[in-house]
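Asker: Fold the following and give me the result.
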Amino acid sequence: ESELYGHEEGSFTGADQYRRGRFEMAQGGTIYLDDVDDIAIEQQAKLLRVIEEKVFERVGGTKLIKANVRFLASTKLNLLERISEGRFRQDLFYRLDVLRVLIPPLRERREDIPDLTNHLMRRIVDGQPSLVDPDAVAVLAHHAWPGNVRELYHTLERTWLVGGGRITADLLRSEIESLPNTEGPGLFQSPPTGGF
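Answerer: Numbering: from 1, shown residues only. Coordinates of the predicted model:
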């Protein structure tokens, strides 16, 4: 709450000075609400007020502050299901659901994996030498990536570090098999030929 709205000095233990929150810092710009499905139901009413009325108060404050921001939200879950479970406010959903962009999970767009790998490796190595073996990209294409692009990024980063700048198929297989929640069927599938 303090992160989004800021707080006044003395509003809680450790609040030894006032602090501007993300809404205040984003004035005139865009604020990105990552994984909006994780927002606690009791906090959703406060967020709805910011979106509808364009005002908020810092934690411990009474002064209304204008919220001149555009909202961009993402979710990893089906919010309509969360609404039916009583875990997401329907009115908040309809305020956020203005323009919907659906991005399929990585397992449904495996053809993107080579380009994503190149892009992510440029970010990971930051100009340092690196090599991704062609066979390694084939290994990447056969994993279901339940954690989507974040999982791919961290797997590449970890493998690059462990491999001393070179990512091989064997090293990737070892890293992927050590990931949590890879026990289920279809999470790592060997190609039909039996090799990479």
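Asker: hey, where'd the strands end up in the chain?
Answerer: 6-7, 19-20, 30-33, 55-56, 65-66, 70-73, 131-132, 166-167 (DSSP state E).
Asker: For the residue most central in space within the chain, give me its contacts.
Answerer: By C-alpha atoms, centre = their mean, the chain has its centre lying nearest to Asp34, at 5.7 Å. The contact partners of Asp34, by C-beta atoms under 8 Å, 6 or more residues apart in numbering, come to Ser74. Heads up, the C-betas are built off the backbone N, CA and C, glycines and all.
Asker: which helix of this structure spans the most residues?
Answerer: In the chain, taking DSSP state H as the definition, the longest helix is helix 148-162.
Asker: contacting residues around it?
Answerer: For helix 148-162, contacts defined as C-beta under 8 Å, 6+ apart pick out 105-106, 113, 116-117, 120-121, 123-125, 130, 132, 140, 145, 147, 166-167, 171-172, 175-176, 179.
Asker: quick one: low-confidence ranges for the chain?
Answerer: 181-196 (pLDDT under 70).
Asker: hey, where'd the helices end up in it?
Answerer: Taking DSSP H to define them, one finds helices in the chain at 2-5, 22-25, 41-53, 79-84, 90-96, 113-125, 134-141, 148-162, 169-177.
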